[in-house]
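> Compute the structure for the input listed below.
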Amino acid sequence: MRIACLGECMVELAGTPLRRGFGGDTLNTALYLARLLAGTTHQVEYLSALGDDPLSEQMLHAWKDEGIDTRRVARLPGQRPGLYLVEVDALGERRFHYWRGESAARRWFSGEIALEERLARPPLDMLYLSGISLALFPPSRREALLAALADFRTKGGRIGFDSNYRAGLWSVEEARPVHQRMLSLTDIALLTLDDECRLHGPHEAQAAADRALQLGCAEVVIKRGAAACLVATADQCIEVPALPVSRVVDSCAAGDAFAAGYLAGRIQRRPPTVSAEDGHRLAAAVIGHPGAIIPRSAMPTASA
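Sure, this is the predicted structure:
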């Protein structure tokens, strides 16, 4: 199976003293997914844009070293990646500061992209994106993206979507209808209850799952941080407990890691509940380390 993740990767500044890395929600998922699927016949790609500067080169080489196929990464002459700074409090909760308005990915997503062609050559089996991915597109290009996704799905492609709503990127009023349309095109929905409450008002996980199922999703996972996630399909609704963590170092990328663990399981035809356990296991490992990307040596093994 050939899976691509669509979005933006940025330069990450974090820690005391500051250290430089890279990250971005869908890139984090792509990287962990590539690690989890290493040694299988499945291929993970990234669909984005970078500049022609040294930092873009370093990113590209790092992705390739992780086993990510970069053939769908556009290179824009004279452009550079965005940047974000992470502040982490004593409880491991993080606060982000972004400089991404003029990034290569933003410029690329704002232009005329032949998305149908990029999704088709070579053919993809699955595309994964997030609410942040959607927010990067201006309204007119977002319509083109949704049309391309509908066409991709009509031709047999599957779509995974993580809500990842960020108020700093767009308003609830703008995001809510776009998320609704996106869910109508989604096969596997990975939603965070906090995001769903921001978009639709306070409600329980079951109501969020029911709404996504009614919109056409085949399976829905409602993430609730340290609490059990809810895995729902038309036939069942099961809570899968999270793993206890003695000390949270940095909660950055926990949801992205969960998504990678869950998708890796489903791609390998593991049951949804077992895949959710794998997602929890990877998320628990990630929040025990600083930064979005943990060392390969810290990667957990999948459950039996």
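> What is the burial count for the closest residue to Ala242 other than its chain neighbours?
Spatial nearest neighbour of Ala242, excluding adjacent residues (CB to CB, 6 or more residues apart in numbering): His280 at 4.9 Å. Any C-beta I mention is one placed from the backbone N, CA and C, and that applies to glycine too. The tally of other residues near His280 (other CB atoms under 10 Å) stands at 26.
> Quick check: His280 touching Cys229?
Yes. Contact criterion CB atoms under 8 Å: His280 and Cys229 qualify, at 7.2 Å.
> Give me the common contacts of those two.
Shared contacts of His280 and Cys229, defined by CB atoms under 8 Å, 6 or more residues apart in numbering, are found at 240, 242, 258.
> Tell me where this structure has helices.
25-36, 54-65, 104-110, 115-120, 131-136, 139-154, 172-183, 193-200, 205-215, 254-267, 272-286 (DSSP state H).
> Compare these and say which comes out lowest on pLDDT.
Mean pLDDT is lowest for helix 115-120 out of the helices of the chain, coming in at a mean of 79.
> Would you indicate which residues of that one are buried?
115, 118-119 (16 or more other CB atoms under 10 Å).
> mind exporting it as CSV, just the C-alpha atoms?
Provided in CSV are the C-alpha atoms of helix 115-120 (Å, rounded to 0.1, in the frame of the first residue of the first chain):
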residue,chain,number,x,y,z
LEU,A,115,-3.6,18.0,-6.9
GLU,A,116,-5.3,15.3,-9.0
GLU,A,117,-2.1,14.6,-10.9
ARG,A,118,0.0,14.6,-7.7
LEU,A,119,-2.4,12.1,-6.1
ALA,A,120,-2.4,9.9,-9.2
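> tell me what that helix is packed against?
helix 139-154 (3 or more CB pairs under 8 Å, 6 or more residues apart in numbering; DSSP states H and E).
> Give me the buried positions along the helix it packs on.
Those would be 141-142, 145-146, 148-149, 152-153, for helix 139-154 by 16+ other CB under 10 Å.
> Thank you, goodbye.
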